[in-house]
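Peer 1: fold the following for me, if possible:
(2 chains)
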Amino acid sequence: MTDRPGMSPEPSLGEVRARAQRLAAAGSWTEASEFLLQHSARIHAHPETAALLAESLVRTGRAREAREWIASVLPLIEASEDRASLRRATVLNGAAHFTLGELDLARRGFTEALELARTDGDDALVARAMNNLGAIANIEGDRTGALALYHLAISAHQRLGNTRGLAECFHNMAITIRDLGRLAEADELEQRSAEFARDAAQPLLVSIARMGRAELALRRGDATFAEATARRAAEEFAAAGEPVREAEATRLAGVACTLSGRHREARVLLDFAVERTRRHGAVLHEAEALRSRAELHAAAGAPRAALDDARTALGLFGQLRAAQESAALLRWIETLPLGADAD
Amino acid sequence: MTPASLVVRAISDSFGELWPALAAELGLTLEMASTLPTTVDPTRAVVVISAGGDEAALPRASREMRAGSDAAFAVVAAEAGHRLTASVIRAGADQLFVLPEDLDLLRSWLKEAAERLRSRENRRSFAEGEAGKYTFEGILGASGSLATALDRVARVIPHSGVTVLITGETGTGKELIARAIHYNGPRRESPFVDINCAALPEHLLESDLFGHEKGAFTDASVTKPGLFEMAQGGSIFLDEIGHLALPLQGKLLRALQERTIRRVGGTRSIAIDVRVIAATHVDLAAAVKAGEFREDLYYRLNVLPVALPPLRNRREDIVPLARHFLGKFAAEYGVDRPTLSAGAERALRERVWPGNIRELRNVVERTILLAAKPVLDAADFEFAPVGANGRASDVSQTVLLADIIAAAVREALDACGGNKSEAARRLGISRPRLVRLLGGGGGDD
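Peer 2: Numbering: from 1, shown residues only, chains lettered A, B, ... in the order given. Take a look at the predicted model:
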């Protein structure tokens, strides 16, 4: 092929794969996905590169496209002898469904990935699939089932010496234990998560565990520790360029101020959390920030303002189909002394 | 960590341009060998014998390679019939690839082999890191009671098959000792798996410990190995063993006696090579007397009991421990390490510490976070009030039901002036049960 002005020669499949792998290794997933999508027709029958496109789509939040791509390439990958790509595509299939809230299909994907991983001795995937299945069980309210899966995931990560995986698993487990009301135990698990995150040189995971501890402190009514911990986490998230997590940690600090009766400070922090989460389209976090601000208004004797925020939050929870949160918030609204509003 | 190697023994000149590109792509160091690399370290390298055009040499080369090393190795040919494939595999090769058709498969195989090497290296460095965290030098304390416990632990460490039972109040460091036993012993590079027997309902705990076969029960959609299998070669730490239900106690006893387990719904016995370390804060001997814990299992577990003293019985260790936690949390929160005033040391030493070392650690962390001072006074420490029963009355903390029951029993006993029969009557339980809930001690009123 002769080069013509303005036209570059079509790269070979090997060059496509190599370039995409370089981009992926550098963490440039958006660029990797755009590049691979340009060559999607050619890479369709090539398991390794097809799986790489699936991963880049999942990692860049294009779960719907990922799901469709995987559906079209999975039969070809299954027919090939490339077991590594098959395992990868299968777990990514679960991840795409999980992101889209299709929990039954996600569970099926992760379970299939788990079976493939066990057959092939891929311990890393065994651990990851168990962790994901645990997260699904937890979302569905099957807390003990989630714990059983996390135990197995932790032991698999320990076999591998995967400190990052351990940090993630212990944090997930802490959330489940917290939801079971065992707050002291959950705090121990968050501390262990932070310890493994430090071993893995993952400061973001350390801050996530810290935020988990702030939430636990709030639940046991320890506003002082919660505020100090949440403020520190917020600073760390700000430094790491994690605006939504920064807003979430700030919200926790705001709730702690509400509990301590420092309403003016709480207002500043919660206004920031609402504005920041709204700007970034983080709907669930925005709803939570609004709910926290509604609680502040109620504590400050402004039930009308509380009702306004609570209603907005209710709309967002409804949008997310978060039935439990909606029901709890409705019950809370009924307790507002609207007749005696001083606003 | 140095990258793993791709060692290529090229019998012919074919495919020579492939190896540098593949090694670079997979992050492997390329070593071209002029003879068969029979001394290759199987934990550091993956081997390819390449013979495009000279395939007849492959069976012999494979035999010699396998005879000299356990390393993963594949052979690469330009063509191969069934006969050649069968003979190189029989000779010990892990795979045969025909290039260029199988290039993707070769890449995928090499990638997985390299990943396995990396995992092995990770495992080794993880074990080293954990061993560093759980050294005996790192267990602080100069008290006689702790020294006795540690001496006993030191004696059991080299005997990797011996079961250990660790007893002590909540927060005395039972898990720390269990990890020290594992990571300082011969099983250190294999997993340490821990489970809290009080954390899961009986049916889930059974499946967690022993695994289950597909279809064993309604939710068993896949076969799942249990924690005993996951701990293969290493140690399993059964925390709160006193909460294990009686049917599971029988199953655990069989596992300890026969060194085999059977998954739920399974018919096959699976051999296990695992050290069992159990821990409890309840008095197992009293539980045996009350028929709540199997005597045969108790004796099986109690081969080498290690009793950890409560912090109030090792007061000389309190200040050194507090200083240790000050250093740890100062580093964690990025603040200057404060010192303790004489008053602070006295206050720390005089406290009863119902939550033991865990409580001390939490108190110090809180102080570091909230009191930004170079010298900490007694007033800088916030202690949870201690009830008449010697327990912290921090009702905002969620506590185990067993702890609540024990606290209620102690309070009833206090209210009855120490008369156990009267306390039992007021609580509506038998006197032996009350004695057991108090932690054994069968003295008269």
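Peer 1: number of residues surrounding the closest residue to chain B within the stretch 151-300 of chain A?
Peer 2: Scanning the stretch 151-300 of chain A for the residue nearest chain B gives A:Gly161, at 2.7 Å (criterion: Cβ to the nearest Cβ). Just so you know, the C-beta spots here come from the backbone N, C-alpha and C atoms, and that holds for glycine as well. By other Cβ atoms under 10 Å in any protein chain shown, the residues close to A:Gly161 number 23.
Peer 1: please, which helix or strand holds the residue nearest to it when sequence neighbours are not counted?
Peer 2: Using Cβ to Cβ, 6 or more residues apart in numbering or on different chains and skipping the chain neighbours, the partner closest in space to A:Gly161 is B:Phe126 (2.7 Å). Per DSSP states H and E: B:Phe126 is located in helix B:103-133.
Peer 1: residue ranges with poor pLDDT in the chain?
Peer 2: Went with chain A since none was named. Low-confidence segments of chain A (pLDDT under 70): A:1-8, A:340-343.
Peer 1: oops, wrong one, chain B.
Peer 2: For chain B, the stretches with pLDDT under 70 are B:1-2, B:37-38, B:137-138, B:385-408, B:410-411, B:414-418, B:432, B:435-445.
Peer 1: center of it - which residue?
Peer 2: B:Phe192 (2.5 Å; Cα atoms, centre = their mean).
Peer 1: residue ranges of the helices in the stretch 201-343 of chain A, please?
Peer 2: Using DSSP state H, counting those that start in this stretch, the helices found in the stretch 201-343 of chain A span residues A:203-219, A:223-239, A:243-260, A:263-279, A:283-299, A:303-319, A:323-334.
Peer 1: cool, the stretch 51-200 of chain A as well?
Peer 2: A:63-79, A:83-99, A:103-120, A:123-139, A:143-160, A:163-179, A:183-199.
Peer 1: export the helices of the stretch 201-343 of chain A to a markdown table and append columns for distance to chain B and mean neighbour count.
Peer 2: Conversion of the helices of the stretch 201-343 of chain A to a markdown table gives the following (distance: least, Cβ to the nearest Cβ, whole Å; neighbours: other Cβ atoms under 10 Å in any protein chain shown):
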| stretch | distance to chain B | mean neighbour count |
| --- | --- | --- |
| helix A:203-219 | 9 | 22 |
| helix A:223-239 | 5 | 21 |
| helix A:243-260 | 12 | 24 |
| helix A:263-279 | 16 | 19 |
| helix A:283-299 | 19 | 23 |
| helix A:303-319 | 25 | 19 |
| helix A:323-334 | 20 | 14 |
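Peer 1: which residues in the stretch 201-350 of chain B form helices?
Peer 2: Using DSSP H, counting those that start in this stretch, helices in the stretch 201-350 of chain B cover B:202-210, B:227-230, B:246-258, B:284-289, B:295-301, B:318-333, B:342-350.
Peer 1: deepest in the core, which of these is it.
Peer 2: Greatest average neighbour count among the helices of the stretch 201-350 of chain B goes to helix B:227-230 (a mean of 23), per mean count of other Cβ atoms under 10 Å in any protein chain shown.
Peer 1: what about A:Ala54, neighbour count?
Peer 2: Residue neighbour count, defined by other Cβ under 10 Å, stands at 28 for A:Ala54.
Peer 1: how near is A:Thr312 to A:Thr335?
Peer 2: 18 Å (Cβ to Cβ, to the nearest Å).
Peer 1: closest to B:Pro310 out of the helices of the stretch 51-200 of chain A?
Peer 2: Set against B:Pro310 and scored by Cβ to Cβ, the helices of the stretch 51-200 of chain A come closest in helix A:183-199, at 17.6 Å.
Peer 1: near chain B at all, that closest one?
Peer 2: Yes: using Cβ under 8 Å from any Cβ of the partner chain, helix A:183-199 reaches chain B at A:183-185, A:188, A:199.
Peer 1: quick one: B:Arg83 and B:Phe73, what's the gap?
Peer 2: Plainly put, B:Arg83 is 20 Å away from B:Phe73 if you go by Cβ to Cβ.
Peer 1: hang on, I meant B:His324
Peer 2: From B:His324 to B:Phe73 the distance is 50 Å (Cβ to Cβ).
Peer 1: same thing with B:Arg124?
Peer 2: Taken as Cβ to Cβ, the span from B:Arg124 to B:Phe73 is 22 Å.
Peer 1: of the two, who's got more company?
Peer 2: When B:Arg124 and B:Phe73 are compared for neighbours, B:Phe73 comes out ahead with 26 against 15, by other Cβ under 10 Å.
Peer 1: what is the neighbour count of residue 61?
Peer 2: All of this refers to chain A. When neighbours are counted by other Cβ under 10 Å, A:Gly61 registers 12.
Peer 1: other chain: chain B
Peer 2: For B:Ala61, the tally of surrounding residues (other Cβ under 10 Å) stands at 21.
Peer 1: may I have the phi/psi pair for the closest residue in space to it that isn't next to it in sequence?
Peer 2: Spatial nearest neighbour of B:Ala61, chain neighbours left out: B:Ile49 (5.2 Å); criterion: Cβ to Cβ, 6+ apart. Main-chain dihedrals, B:Ile49, degrees, to the nearest 10: phi -110, psi 120.
Peer 1: contacting residues for B:Ile49?
Peer 2: Residues in contact with B:Ile49 (Cβ atoms under 8 Å, 6 or more residues apart in numbering or on different chains) are B:8-9, B:11, B:36, B:58, B:61-62, B:65, B:73-76, B:93.
Peer 1: so which of those residues wins on neighbours?
Peer 2: Of all these, the highest neighbour tally under other Cβ under 10 Å goes to B:Val75, namely 30 neighbours.
Peer 1: my guess is that one contacts B:Pro59, does it?
Peer 2: No: using Cβ atoms under 8 Å, B:Val75 is not in contact with B:Pro59; the gap is 9.0 Å.
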